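*Asks:* can you look at this prediction? I've put the sequence above it.
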Amino acid sequence: MRKVFMGVRLQRLREERNLKQIELAAALGISTSYLNQIEHNQRPLTVPVLLRINAVFGVDVQLFSEADEARLIGDVREALSDEAQTEHVSLAEVRELAAGMPAMARAFVSLHHRYREVVERAEAMAAQLGDDWTGDAPARTPFEQVRDFFYARRNHIPELDAAAERLYAKAGLGPHSVHAGLVRWLDQRHGIRVVPDDTDALQRRFDPRARTLHLAAHLRQGQQAFQMATQLAFLELGDVIDTLASDPALGTEETQSLCRIGLANYFAGALLLPYAPFLRAAEDGRYDIERLSRHFGVGFETICHRLSTLQRPDARGVPFFLIRVDRAGNISKRQSATDFHFSRVGGSCPLWNVYEAFAQPGRILTQIAQMPDGRTYLWIARTVGRGGTGYGEPGKTFAIGLGCDIRHADRLIYSKGLDLKDSSSATPIGAGCKVCERPSCPQRAFPPIGRSLASDLNRSGPIPYLFK
C-alpha cells in the first residue's frame, strides 16, 4: 500500500478549528511531536489516525482521499496544457500541489476556468465583428500573424508572381518538364547538385558549403519540384522576401522568419503554376481541379492553393477561400481571396461538407452552404494525404475545402446539376456552435456564448439548447 502524506490538509483542518498542535494531538491521542511530523510530511497519515479524525471531528474521509487527489491532478494538468501557458511544470510538481495544497490547486483550476470564459467571450465578440475589426489587433501567435499578413493582401503577392513568371520563361520550363528544368537550373546557375535521399527524415535540406540540395526520395516529382522552387526563392529572391517580411505588423523575428517561409512557398507555387498559363487553363477547363492536376503534374492541394491566389487586378480568377482541416476539426491552413471568413475560434460546423469528406476519402463533394448572415457559397471538398514513410510510421490525412461566392459558381464545373438560384436548398452552416446564432440547429453542441438559455422542465425537443 502506498504511503499517504497529507500534512497540509491536516494543518488546514487544525487552522479551521483554531486549534494548537498540542490541542489537536491530545484530541487524536497522539504525541505533539508525532503530529508535527505528520503535518510536515515526515510521517504518513495512517488509517487509525484518519479514523480518529473522523470520530472526533466528523470530517468526511474523502477530504484525505487519493481518488480526489487523482482527479485534481487531472484538472491541474488540463489547465496547464492551455496554449497560453509557456512555463513547463512537471507531473511531480503537479502531484505535490494536488496532494499538499489541494485548496490552492482548486483555486488555480477555478481561475483558469474563469480565464477561459473571458477568452471565449472575447473571441465570440471578435468573430461576430469579423476579421476587419480584428485586423489591427495583434494576433495571438506568429502563425496567426502570418495568416493575417496574407489575408490582408487577399492572398496575392504580385512581386513574387511576376518574378516566378520571368524565371519560368528564362529557365525554359513547361508543365511536364518543371522537375528536370529546375534540376538543370540549380546546377547551371547556382552550382547546386540535387540528391534524392531516402535516409533523411526532412523533405528538403540544403547544404550551402557542399552546394548540395537533399530531397526526400519518397516525394513525388511534383513535390520535389515544389521543394526545389522553395529553395530557389531564397537563392534568387532573398532581398524581395526580406523586404516583404519586414512589415512592421509582423513584429518579432520569429514571426518574420515564419513569413519568409510562407513567401518562399508562395513563390514555389507560382513557379510551378505560372499565373497567366495557369489562369487560362483554369478558365478553359471551368476550374476542374483534377484536370489541372494532371496537366501541370502537381497534387490536388497545390492546385487549390494556387486557385486561391489568382487576384491580379487586370486578370482576376474566381476569388476562392481555401481551408485545410484534420479529423479533429483543427484548421491548419486558411487562405482567402474573398470577403469570406471563418472566425479565429470557429470553422468546426459539422454540417459543412469539408468534414463529410473524411467519410468518402478521395471523392470530391459539392455543397451549397449559407452562413447565418445570408451569404451563400458553393463549396467543394476532398481528402488529401499520404501514408507513413515506413512500416508502423503514421501518415497524415486532411480535408481540403475550396469555396466561392454563389455568384461565381456558374463558372465552375462543380456547379453542374445544382440549382444555384434555389436558396432554400442551401445547407445552413456557421462559424462554430459557440458563436453561431442559429436557434434551431439539431447539430448544436454548445449554446452560443452570451445568450441566456430557455429551459422548460415539461418539454423536450430535437434541439439540444434553446436560448432566449
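*Replies:* Sure thing, it's come through.

*Asks:* for the helix or strand hosting Q224, packing partners?
*Replies:* Assigned by DSSP states H and E, Q224 falls within helix 221-236. The helices and strands touching helix 221-236, judged by 3 or more C-beta pairs under 8 Å, 6 or more residues apart in numbering; DSSP states H and E, are helix 158-170, helix 178-190, strand 204-207, strand 212-216, helix 253-272. C-beta coordinates here come from the backbone N, C-alpha and C atoms, glycine included.

*Asks:* so which of those comes closest to N36?
*Replies:* Nearest of the helices and strands packed on helix 221-236 to N36, taken as C-beta to C-beta: helix 253-272 at 51.3 Å.

*Asks:* mind listing what's buried along the closest one?
*Replies:* Neighbour counts over helix 253-272 (16 or more other C-beta atoms under 10 Å) mark 255-256, 258-260, 262-272 as buried.

*Asks:* and what of stretch 193-211?
*Replies:* Buried residues in stretch 193-211, defined by neighbour count with 16+ other C-beta under 10 Å: 194, 197, 203-206.

*Asks:* quick check: the farthest pair among the residues you listed?
*Replies:* V194 and Q203, at 13.0 Å, using C-beta to C-beta across these.

*Asks:* which neighbours do those two share?
*Replies:* Shared contacts of V194 and Q203, defined by C-beta atoms under 8 Å, 6 or more residues apart in numbering, are found at L215.

*Asks:* distance of R193 from A270?
*Replies:* R193 is 25 Å from A270, where distance means C-beta to C-beta, to the nearest Å.

*Asks:* also F108?
*Replies:* Taken as C-beta to C-beta, the span from F108 to A270 is 50 Å.

*Asks:* quick one: low-confidence ranges for this structure?
*Replies:* For the chain, applying pLDDT under 70 flags the ranges 1-6, 59-71, 81-86, 120, 123-140, 200, 338-347, 388-389, 450.

*Asks:* could you redo the last one with a cut-off of 50?
*Replies:* 1, 133-135, 138, 345-346 (pLDDT under 50).

*Asks:* for M104, which non-adjacent residue is spatially closest?
*Replies:* Leaving aside its sequence neighbours, M104 sits nearest to L97 (C-beta to C-beta, 6 or more residues apart in numbering; 6.6 Å).

*Asks:* wait, the one you found sits on A79?
*Replies:* No. Between L97 and A79 there is no contact under C-beta atoms under 8 Å: 11.2 Å.

*Asks:* joint contacts of the two?
*Replies:* Common neighbours of L97 and A79 (C-beta under 8 Å, 6+ apart) are F108.

*Asks:* stretch 314-321: end-to-end distance?
*Replies:* 20 Å (C-alpha to C-alpha, to the nearest Å).

*Asks:* how distant is that stretch from the center of its chain?
*Replies:* Centroid separation for stretch 314-321 versus its chain: 26 Å, with C-alpha atoms, centre = their mean, to the nearest Å.

*Asks:* and it, what's buried?
*Replies:* For stretch 314-321, by 16+ other C-beta under 10 Å, it's 317-321.

*Asks:* relative to A233, how far out is the closest residue to G174 other than its chain neighbours?
*Replies:* Leaving aside its sequence neighbours, G174 sits nearest to G181 (C-beta to C-beta, 6+ apart; 7.4 Å). Computed as C-beta to C-beta, the G181 to A233 distance reads 16 Å.

*Asks:* same check, this time on P274
*Replies:* Using C-beta to C-beta, P274 is found at 14 Å from A233.

*Asks:* neighbour-wise, which of these two wins?
*Replies:* A233 (25 against 21; other C-beta atoms under 10 Å).

*Asks:* the more buried one contacts F267, doesn't it?
*Replies:* Yes. Between A233 and F267 there is a contact at 4.0 Å, judged by C-beta under 8 Å.

*Asks:* L80: neighbouring residues, count only.
*Replies:* 16.

*Asks:* give me the neighbour count for the closest residue to L237 other than its chain neighbours.
*Replies:* The spatially closest residue to L237, leaving aside those adjacent along the chain, is A163, at 5.7 Å (C-beta to C-beta, 6+ apart). Counted with other C-beta under 10 Å, the neighbours of A163 add up to 18.

*Asks:* what of the one 3 residues further on?
*Replies:* R166 is flanked by 12 other residues according to other C-beta under 10 Å.

*Asks:* quick one: the residue nearest to M104 is in a strand?
*Replies:* No. Per DSSP: H, G, I helix; E, B strand; the rest coil, L97 lies outside any strand segment and is helix.

*Asks:* residues contacting it?
*Replies:* Contacts of L97 by C-beta under 8 Å, 6+ apart are 76, 104-105, 108.

*Asks:* which secondary structure element is home to A103?
*Replies:* If you go by DSSP H and E, A103 is part of helix 102-129.

*Asks:* give the contact list for I157.
*Replies:* The contact partners of I157, by C-beta under 8 Å, 6+ apart, come to 150, 244, 263, 266, 309.
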